[in-house]
Structures are given as C-alpha cells and as structure tokens.
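A.B. asks: From the sequence below, what's the structure:
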Amino acid sequence: MIEEKDKTLPKDIDSDYSLPGRFEESNSEYFDEHVKPKPNNSAILVITVAFVIVSAGFISYYFMNQNEIDSRIIQNSINIDPEKKLVNQYDVGKYGSDHAHAAIAVFVDGEKLNFFLPQFQLSSRYIHFENNNSYLIHKHATNVPLEMLFASFGMKITTDCIILNYDKSADIKTDSFCTGQDHSIVFYVNGEKYYSDISQYVLEHNDRILISFGDAESISMHLAYLESLEIFDIPKKTPQYSGNNIFV
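C.D. replies: Got it, this is the predicted structure:
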C-alpha cells in the first residue's frame with residue numbers, strides 16, 4: 001500500500017505569473033483601481049431626508065402664506081398706473097414728441113356727450129380735452145390711440161358697445177349701450193366710414209371723428225355738426241408737464 005504524502009499548498013513564490021491575470025491580481029494597485037468601495041448608505045439617507053425636509057419647508061411656507069403671496073401679486077398689478085400700461089402696450093412716444101388737434105363728437109341715442117365736465121378735462125398728459133372745450137382733442141405724443149383718451153375718464157368703446165362710467169352731475173353714471181335689433185354703432189373719420197376698432201385709431205392733426213350709437217338716420221346730421229366745429233391751430237410753444245397740471 002502506497003503511503004500518501006503530506007499535501008502542501010504551493011507558495012506564492014512558486015506561482016506562475018505568466019498566466020493571464022495572475023500578476024495583476026497579485027498587485028495591490030489592481031484592487032485599488034478595480035475594486036470600488038460600496039457607497040455609504042447612511043450618508044445617502046441623510047442627504048435624502050434633508051432634501052425632503054427642505055422641500056417640505058418651502059411647500060409649507062407657500063401654502064401657509066398663499067393668501068399673502070397672492071395678495072402681493074394682485075397689489076403689484078394694481079399699483080401699475082393704467083396709463084403706463086397703455087403707454088407700454090402701444091409704444092407711445094415721449095411726452096412732447098408730437099402735437100396734434102382733432103375734433104370728436106360722440107352721440108348716444110341722439111344725445112351728444114359733453115366732455116366739458118371737469119372729469120373729462122386734462123385727464124391724461126398724452127391726450128386730453130382742456131380749457132373746458134368739449135370736442136377738441138389735444139395729442140402730445142406719437143402712437144397715442146383714442147383708447148388712452150377714453151380710458152383716462154372711464155369710458156370704453158368697442159365695435160359693438162359704448163360703456164360709460166363717469167360722474168355726471170352728482171351721480172355716478174354707468175351705462176352700456178350695445179348694438180341690437182334697433183341700434184347700431186358707427187364710426188366716421190373725416191367723413192368716411194371707419195370699419196375697424198376706433199379705439200385703436202391714432203389721430204392726426206385736423207381729423208374729425210364721429211362715434212354714433214342709435215338711429216342710423218341721424219348720421220348725416222351728426223356729420224354736419226362735426227364739420228361745423230373749429231379746429232384751432234397748434235400753438236407754437238413747447239408743451240410742459242408739471243405734477244397734475246398740463247400746459248400747452
């Protein structure tokens with residue numbers, strides 16, 4: 001019977017480094033480069049929890065203060081001067097960049113609106129009535145539409161309606177006059193019918209503008225009245241604006 005010899009493991013010095021991978025695996029740099037340390041789960045957990053807490057804080061702040069935030073947004077919008085909004089919207093030129101006069105007549109059911117009342121006078125620096133005149137428009141800048149004149153004293157005119165909101169005598173007058181079966185609204189510029197939105201019209205010197213709501217049979221009489229109005233020459237002096245007073 002053959003006796004078994006003691007089995008011994010080969011020493012590292014006896015390893016054959018010529019075999020693929022043996023040398024690299026025996027090198028400590030191999031492990032430093034190819035064996036990545038496992039991520040620290042506790043660190044990830046801390047970061048995640050912190051992110052959730054911060055996000056929750058912002059969300060809670062918004063919902064707890066939502067009314068205040070919304071109120072500030074609304075208030076900021078209100079604080080913007082309505083005239084300034086129109087100046088930006090229509091790219092209105094600087095005050096004094098233009099100067100033109102035009103006549104206007106607005107009839108509602110045969111009654112002419114009298115713009116000599118105080119609330120209609122000098123209501124905008126860019127386009128206005130003045131000196132208690134009820135028909136002569138003064139324009140003091142380029143690109144000023146009639147909408148700026150109407151909006152300055154609470155009136156709105158569309159292709160279908162005339163909306164009034166102003167102080168007449170001691171009462172606040174608020175009325176809407178819209179086209180229907182028996183009423184229509186028409187616009188005329190220099191005797192010619194104007195089919196677009198008259199509020200967008202930018203007047204020129206010596207223009208004559210008619211806005212008539214009601215019976216179409218009265219148009220010829222309204223046009224004759226408008227033609228009879230005198231349009232004054234433009235004064236040859238530099239317009240100035242100071243505070244609430246407008247000088248031309």
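A.B. asks: Count the neighbours of I219 for me.
C.D. replies: 17 (other C-beta atoms under 10 Å). Where C-beta positions appear, they are placed from N, C-alpha and C, glycine not excepted.
A.B. asks: Name all residues that make contact with the closest residue to it other than its chain neighbours.
C.D. replies: Leaving aside its sequence neighbours, I219 sits nearest to S212 (C-beta to C-beta, 6 or more residues apart in numbering; 5.9 Å). S212 is in contact with 106-107, 185-186, 188, 218-219, 222, counting by C-beta atoms under 8 Å, 6 or more residues apart in numbering.
A.B. asks: pLDDT-wise, what's the bottom of those residues?
C.D. replies: Of all those, S218 has the smallest pLDDT value, namely 87.
A.B. asks: ok, and what's touching whichever strand or helix holds L226?
C.D. replies: Using DSSP states H and E, L226 sits within helix 219-228. If you take C-beta under 8 Å, 6+ apart as the criterion, helix 219-228 is touched by 103, 105, 107, 112, 186, 188, 191, 208-210, 212.
A.B. asks: Out of the contacts of S212, which is nearest to L146?
C.D. replies: Nearest to L146 out of those is V106 (C-beta to C-beta; 10.6 Å).
A.B. asks: doesn't I198 make contact with that closest one?
C.D. replies: No - using C-beta atoms under 8 Å, V106 is not in contact with I198, being 10.0 Å away.
A.B. asks: What is the nearest of the contacts of S212 to Q121?
C.D. replies: Nearest to Q121 among these, with distances taken as C-beta to C-beta, is V106, at 15.6 Å.
A.B. asks: For the closest one, give its distance to G96.
C.D. replies: With distances taken as C-beta to C-beta, to the nearest Å, V106 is found 27 Å from G96.
A.B. asks: circling back: look up which helix or strand the residue nearest to I219 falls in, please.
C.D. replies: Counting by DSSP H and E, S212 is part of strand 208-214.
A.B. asks: tell me the angle that strand makes with helix 219-228.
C.D. replies: 150 degrees (axes from the mean of the first three to the mean of the last three C-alpha atoms, to 10 degrees).
A.B. asks: neighbouring strands for strand 208-214, and are they parallel or not?
C.D. replies: strand 100-108 (parallel), strand 184-189 (antiparallel) (DSSP bridges).
A.B. asks: For the first one, which outside residues touch it?
C.D. replies: In other words, strand 100-108. 112-113, 135-139, 157, 162, 164, 177, 203-214, 218, 222, 225-226, 229, 231-234.
A.B. asks: how about the helices in this structure?
C.D. replies: 22-26, 28-34, 41-64, 66-79, 82-90, 146-152, 219-228 (DSSP state H).
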